[in-house]
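> how does the following fold in three dimensions:
(one chain, ligands or ions: 1)
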Amino acid sequence: MPLDRKTSLSIFDRMLVMRHFEEAVIHMHEQKAFAGHYHIYIGQEATGAAVLEQLSKSDLICTTHRNHGHLVGRGCDPGRTMAEIFGRATGFNGGRAGTLHISDASKGFLSTSAIVGGCAGLATGAAFGIKTKRESNVAVGFFGDGSLEEGLVIESFNMAALWKLPVVYVCENNSAGAMGPQQGGYPTAITATSSFINLPAAYGIKCIKVDGADMSAVHAAARSGIEQCRSGNGPVFIEAITVRWPGSSPLWPELATTTDLTAVWEPSRIQGPHADWLRNHDPLLRAAHELLKAGHASQDEIMKYDEQARARIASAVSFALESPLPLTSTVADHIMAGSAK
Ligand SMILES: Cc1ncc(C[n+]2csc(CCOP(=O)(O)OP(=O)(O)O)c2C)c(N)n1
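Numbers count the residues shown, from 1 in each chain. Below you'll find the predicted structure:
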């Protein structure tokens, strides 16, 4: 079913915030605003935004090292998210978590686990808690295809299926087209199965495979998955296929060009080393194209949404830069349970 205007604009807006946030993270890392490694959500926005669009306030979320998009797409304050990445005291976790462990409990985030596969187990535990308390919420676990190599994930599938837990596993498979380790490329999953959905399907879990760059296909998959969970028949596994953003490789993200939505109606503007990906796989340009085609937004409206998202991220960066570092006297805070202030 095609998306209505309100829903598609809301998903598009979430995607814009995700994209401009990530572009700002790369830029600020180049400016040495923070140290250390980080992972970028560019290219997966349609998946995260379309899933998040349908969650209620009290639903629970666990995510991975590729977490920034899920956080800002859920509506977590981009300023406090950026401040956490910069290690500032105003960050969601007092500057202790950094990029890999940012979490905003007020928006239902139980955790960001940088342990590959970890959040599938956490989401399953959260779903067990929901079921035990007889609540109608769902738990969503976002993870990459690499998680399917972890025994914990397979054990989680078994428990979730045995106990009909309300958990939606969203596997963001960004390895489509990747060379894979056997051809000297990196990274993609190494499993003996040629089809990831065979794994949860073996436990009787409902599986849906979608084009992860297609916001309406992901929206439909997530809606049916969430409905199944809320009606007590969960769990559900969604495999969303995306083509890895070329700036992800090698390890340090490279922003060859910044997103220019006018390229949707002036394709000759697509230039640079990422041109093929932008032309054929960028979910944001595709979403803008679909909004225009469906008559849900004009070029001017699209640019207005874009400007607003850019302005929000610019003020998020200023907030983070102006925020203080944690005081050395607080060095022992946030270490032991109950010690957080
Ligand atoms: C248990 C564990 N093993 C290895 C790592 C190192 N590691 C960090 S990210 C990553 C690749 C994860 O791939 P995938 O889950 O497909 O996510 P992607 O980064 O491709 O989105 C690995 C192996 C880790 N963090 N945890």
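
> please count neighbours and contacts with C-alpha atoms only from this point.
OK.

> three-state assignment of Val210?
What DSSP: H, G, I helix; E, B strand; the rest coil gives for Val210 is strand.

> any idea of the pLDDT on it?
For Val210, the pLDDT comes out at 98.

> around it, count how many other residues there are.
Neighbourhood size, Val210 [other C-alpha atoms under 10 Å]: 20.

> and what of the one 4 residues further on?
Asp214 has 24 neighbours, counted by other C-alpha under 10 Å.

> report whether the lowest-mean-pLDDT helix or strand in the chain contacts the ligand.
Here the helix or strand of the chain ranked lowest by mean pLDDT, DSSP states H and E is strand 109-112, holding a mean of 92. No - judged by C-alpha under 6 Å from any ligand atom, strand 109-112 stays clear of the ligand, getting no closer than 11.5 Å.

> hmm, the helix or strand just after that strand touching the ligand?
Sequence-wise, the next helix or strand downstream of strand 109-112 (DSSP states H and E) is helix 118-132. No - against the ligand, helix 118-132 shows no contacts by C-alpha under 6 Å from any ligand atom, the least distance being 7.5 Å.

> for helix 118-132, buried residues please.
Within helix 118-132, the residues that count as buried by 16 or more other C-alpha atoms under 10 Å are 118-128, 130-131.

> repeat for stretch 312-332
312-314, 316-317, 319-321, 323, 325-326.

> let's see it as CSV, backbone CA atoms only.
C-alpha atoms of stretch 312-332 as CSV (Å, rounded to 0.1, in the frame of the first residue of the first chain):
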residue,chain,number,x,y,z
ARG,A,312,18.7,21.6,13.7
ILE,A,313,22.0,19.8,13.2
ALA,A,314,24.0,23.1,13.0
SER,A,315,22.6,24.1,16.4
ALA,A,316,23.3,20.5,17.7
VAL,A,317,27.0,21.0,16.7
SER,A,318,27.1,24.4,18.4
PHE,A,319,25.6,23.0,21.6
ALA,A,320,28.1,20.2,21.7
LEU,A,321,31.0,22.4,21.0
GLU,A,322,30.0,24.9,23.7
SER,A,323,29.3,22.2,26.3
PRO,A,324,31.9,21.6,29.0
LEU,A,325,34.0,18.5,29.4
PRO,A,326,33.1,16.4,32.5
LEU,A,327,34.9,17.7,35.7
THR,A,328,37.8,15.5,36.8
SER,A,329,36.0,15.4,40.3
THR,A,330,33.3,13.3,38.6
VAL,A,331,35.7,10.7,37.2
ALA,A,332,34.2,7.9,39.4
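
> could you shift the numbering so residue one becomes 36, and keep it that way?
New numbering, starting at 36: the last item is stretch 347-367.

> now what about it, what contacts it?
52, 55-56, 59, 68, 113-115, 117-118, 121-125, 129-130 (C-alpha atoms under 8 Å, 6 or more residues apart in numbering).

> can you map out the helices along the stretch 86-235 of the chain?
Taking DSSP state H, counting those that start in this stretch as the test, the helices found in the stretch 86-235 of the chain are 103-109, 113-120, 133-136, 153-167, 186-197, 233-236.

> let me fix that: the stretch 236-376 of the chain
With DSSP H, counting those that start in this stretch as the criterion, the stretch 236-376 of the chain has helices spanning 250-265, 310-315, 318-328, 334-357.

> right, and those - which one's nearest the ligand?
Closest approach to the ligand among the helices of the stretch 236-376 of the chain (C-alpha to the nearest ligand atom): helix 318-328, 15.9 Å.

> what average pLDDT does that closest one get?
pLDDT averaged over helix 318-328 gives 98.

> please apply the same query to stretch 130-140.
Mean predicted confidence for stretch 130-140 is 95.

> quick check: buried residues in that stretch?
130-139.

> out of those, flag the one nearest to the ligand.
Leu135 (9.6 Å).

> wait, isn't the closest one in contact with Tyr73?
Yes - applying C-alpha atoms under 8 Å, one finds Leu135 in contact with Tyr73, separated by 7.2 Å.

> what parts of the stretch 136-285 of the chain come near the ligand?
So far as C-alpha under 6 Å from any ligand atom goes, the stretch 136-285 of the chain lies against the ligand at 149-151, 179-182, 209, 223-224.

> hmm, try it at 5 Å
150-151, 179-182 (C-alpha under 5 Å from any ligand atom).

> which members of those are the farthest-apart pair?
Farthest pair in those (C-alpha to C-alpha) is Ile150 and Asp180. Separation: 13.2 Å.

> looking at these two, which is more packed in?
Each of Ile150 and Asp180 has its neighbours counted (other C-alpha under 10 Å); Asp180 has more, 22 against 12.

> which helix in the protein runs the most residues?
helix 40-65 (DSSP state H).

> if we go by neighbour counts, what in it is buried?
43-44, 46-61, 63-64.

> what's the neighbour count on Ala298?
17.

> separation between it and the ligand?
Distance, Ala298 to the ligand, using C-alpha to the nearest ligand atom, to the nearest Å: 27 Å.
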